[in-house]
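Novice: any chance you could fold what I've pasted below:
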Amino acid sequence: MIYTSATPSEMNLTNLTDFIIEKMKRELPSTIVYHSADHTLDVHDAAIRLANLEGLTKYETDLLRAAALFHDSGITVSFDDHEAHSAAIAGEYLPSFGYQQEEIEIIQNMIMSTRLPQNASTLLERVLCDADLDYLGRADFFVIAQKLRLEWEYSGNKIDLKEWYVIQMNFLKNHKYLTDSAIQLRNNRKIQNLKEIEQLCVNGCKQKS
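Specialist: Below you'll find the model as predicted:
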């Protein structure tokens, strides 16, 4: 489905980006080392990349970018059910940045689609889901995954390295990218990352250097 705006929206993505990143930096505790402002910007950049590869219009890409910026903002409220909190925050603030109700609902649906297990029904939702887990198929997978492990530990969920690798192996095995572009761009490296984890466990589940 191609989304078009009957009247050009006055969406201001530069100001929106500044607003949400400053909000996250100001309100997130230092223990949130994975779901951070840096992660939000990473997902935002991945979303733009995939949008270009998937041939989305500028208008669709602008909606996608807004969803990427807000998709984890709800963690400033609560980690539990943070996607719903993120959608609510988007609904609260987006009107002041020129977004219409129909646009906000599209953005909120994109945000909700990223809740695990992902449930995407439109191309925009599939692109955001793939952008959110873009790192699974990148060379920096282990660095980013370690941030997630630390975040879990800071929240009181301490996991030894062997158990962590098992969790990551299962996640990588079960995960599937939803767009052709992400499959082509990231799937081979994701398979390589899975093989590296399996090899680390064969060697005694040592920390990857």
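
Novice: so the most centrally placed residue in the chain versus Phe70, what's the distance?
Specialist: Most central in the chain under C-alpha atoms, centre = their mean is Asp132, positioned 2.3 Å from the mean C-alpha point. Between Asp132 and Phe70 the computed distance is 12 Å (C-beta to C-beta, to the nearest Å). Yep, even glycine has a C-beta here, placed from its N, CA and C like the rest.

Novice: for Met24, same thing?
Specialist: Distance, Met24 to Phe70, by C-beta to C-beta: 10 Å.

Novice: now Ala88
Specialist: Distance of Ala88 to Phe70, computed by C-beta to C-beta: 10 Å.

Novice: quick one, which of the two is more surrounded?
Specialist: Comparing Ala88 with Phe70 by other C-beta atoms under 10 Å, the one with more neighbours is Phe70, at 26 against 16.

Novice: now do the buried residues in the longest helix seen in the chain.
Specialist: Criterion DSSP state H: the longest helix present in the chain is helix 180-202. By 16 or more other C-beta atoms under 10 Å, the buried positions in helix 180-202 come out as Ser181, Ala182, Leu185, Arg186, Lys190, Asn193, Leu194, Ile197, Leu200.

Novice: over to stretch 130-150?
Specialist: Buried-residue list, stretch 130-150, by 16+ other C-beta under 10 Å: 130-138, 141-142, 144-145, 147-149.

Novice: please apply the same query to stretch 162-177.
Specialist: Trp164, Tyr165, Gln168, Met169, Leu172, His175, Tyr177.

Novice: what's it in contact with?
Specialist: The contact list for stretch 162-177 (C-beta atoms under 8 Å, 6 or more residues apart in numbering) reads 130, 133, 136-137, 145, 149, 159, 183, 186-187, 190, 193-194, 197-198, 200-201, 205.

Novice: low-confidence ranges, the protein, go.
Specialist: Within the chain, the stretches with pLDDT under 70 are 1-11, 203-209.

Novice: against Gly137, how distant is the closest residue in space to Leu28 that isn't next to it in sequence?
Specialist: Nearest non-adjacent residue to Leu28, counting by C-beta to C-beta, 6 or more residues apart in numbering: Thr76, 6.0 Å away. Thr76 sits at a distance of 28 Å from Gly137 (criterion: C-beta to C-beta).

Novice: and Asp38, by the same measure?
Specialist: Distance from Asp38 to Gly137, by C-beta to C-beta: 18 Å.

Novice: ditto for His175
Specialist: Taken as C-beta to C-beta, the span from His175 to Gly137 is 9 Å.

Novice: swap in Asn109?
Specialist: According to C-beta to C-beta, Asn109 stands 25 Å off from Gly137.

Novice: quick one on the thing from earlier: correct me, but the residue nearest to Leu28 touches Ile32?
Specialist: No - taking contacts as C-beta atoms under 8 Å, Thr76 lies outside contact range of Ile32: 9.1 Å.

Novice: show me the contacts for the closest residue to Ala37 other than its chain neighbours.
Specialist: Spatially, and ignoring its direct neighbours in sequence, Ala37 is nearest to Met24 (4.3 Å; C-beta to C-beta, 6+ apart). Shown in contact with Met24 (C-beta under 8 Å, 6+ apart): Ser36, Ala37, Thr40, Asp72, Ser73, Ile75, Thr76.
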